[in-house]
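A.B. asks: any chance you could fold what I've pasted below:
(chains A and B)
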Amino acid sequence: GNSVTQMEGPVTLSEEAFLTINCTYTATGYPSLFWYVQYPGEGLQLLLKATKADDKGSNKGFEATYRKETTSFHLEKGSVQVSDSAVYFCALREYIFGTGTRLKVLA
Amino acid sequence: NAGVTQTPKFQVLKTGQSMTLQCAQDMNHNSMYWYRQDPGMGLRLIYYSASEGTTDKGEVPNGYNVSRLNKREFSLRLESAAPSQTSVYFCASSVGLAETQYFGPGTRLLVL
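C.D. replies: Prediction:
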């Protein structure tokens, strides 16, 4: 069946460090892939998405590339800020979410 | 523009009590969803409605019922609450299935 696996957290980084959060998926066909972010006390909001193989989604300095050959959609950011501290969810198709990865960025 | 609204924000119930969580969206979206979020489990889909007049079970539907009252509103009912239903509940909507979802702020439910 369809599923998403993302790296467990928490991930703790210093400000301006490089971020990678791994996400792999299992699915048939060519599903859309998403990254959502949840700030403390709030609902999820879309960070970026990709709808076909080799697409790169980007937003607010975050990027993720849809890799069909490795069934992956890893989230990256070159220089994190304290304000990026949140929980990040990888998602597949319409309603299949990973377990979330908590990111904490220290000043 | 309110987006997705949920009521109540917080609720405490005793085991066996019933309640309805309300959700409304003003974006003219066709699809709506109910999730629960538990520590270490991520989001799990309870029920969804692909379009007005249809509802389908998600991953964890037991103990819940839903009503798609109209295009705007999608309610979730707990008929006899159990401690295992203590969770944070999120409603979401999207233009259609597989499209970007927009989430409400959540309802924190505690069942004693």
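
A.B. asks: list the contacts for the most centrally placed residue in chain B?
C.D. replies: Chain B has residue B:34 as the residue nearest its centroid, 3.0 Å off, counting by C-alpha atoms, centre = their mean. Each residue near residue B:34 by C-beta atoms under 8 Å, 6 or more residues apart in numbering or on different chains is listed here: B:21, B:23, B:45-48, B:58, B:64, B:66, B:74, B:76, B:89-91. The C-beta positions use only the backbone N, C-alpha and C, and glycine is treated the same way.

A.B. asks: format those as a markdown table; extra columns: secondary structure, distance to chain A and pLDDT.
C.D. replies: Shown next, in a markdown table, are the contacts of residue B:34 (DSSP: H, G, I helix; E, B strand; the rest coil; distance: C-beta to the nearest C-beta, whole Å; pLDDT from 0 to 100):
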| residue | secondary structure | distance to chain A | pLDDT |
| --- | --- | --- | --- |
| B:21 | strand | 14 | 98 |
| B:23 | strand | 11 | 97 |
| B:45 | strand | 5 | 94 |
| B:46 | strand | 10 | 97 |
| B:47 | strand | 10 | 97 |
| B:48 | strand | 6 | 96 |
| B:58 | coil | 7 | 94 |
| B:64 | strand | 15 | 97 |
| B:66 | strand | 14 | 98 |
| B:74 | strand | 14 | 98 |
| B:76 | strand | 15 | 98 |
| B:89 | strand | 10 | 97 |
| B:90 | strand | 6 | 96 |
| B:91 | strand | 9 | 97 |
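
A.B. asks: quick check, nearest of the residues you listed to residue A:63?
C.D. replies: Of all the contacts of residue B:34, residue A:63 sits closest to residue B:90, with 26.0 Å by C-beta to C-beta.

A.B. asks: how about the contacts made by residue B:86?
C.D. replies: Counted by C-beta under 8 Å, 6+ apart, residue B:86 has contacts B:109, B:110, B:111.

A.B. asks: now those residues in JSON lines, with secondary structure, distance to residue A:61 and neighbour count?
C.D. replies: Below are these laid out as JSON lines (DSSP: H, G, I helix; E, B strand; the rest coil; distance: C-beta to C-beta, whole Å; neighbours: other C-beta atoms under 10 Å in any protein chain shown):
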{"residue": "B:109", "secondary structure": "strand", "distance to residue A:61": "35", "neighbour count": "20"}
{"residue": "B:110", "secondary structure": "strand", "distance to residue A:61": "37", "neighbour count": "13"}
{"residue": "B:111", "secondary structure": "strand", "distance to residue A:61": "41", "neighbour count": "19"}
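
A.B. asks: closest one of these to residue A:23?
C.D. replies: So of the contacts of residue B:86, ranked by how close each gets to residue A:23 (C-beta to C-beta), first place is residue B:109, at 28.9 Å.

A.B. asks: doesn't residue B:90 make contact with the closest one?
C.D. replies: No: counting by C-beta atoms under 8 Å, residue B:109 does not reach residue B:90; the two are 11.4 Å apart.

A.B. asks: so which bits of chain B are right by chain A?
C.D. replies: B:4, B:31, B:33, B:35, B:40-45, B:48, B:58, B:90, B:92, B:94, B:97-106 (C-beta under 8 Å from any C-beta of the partner chain).
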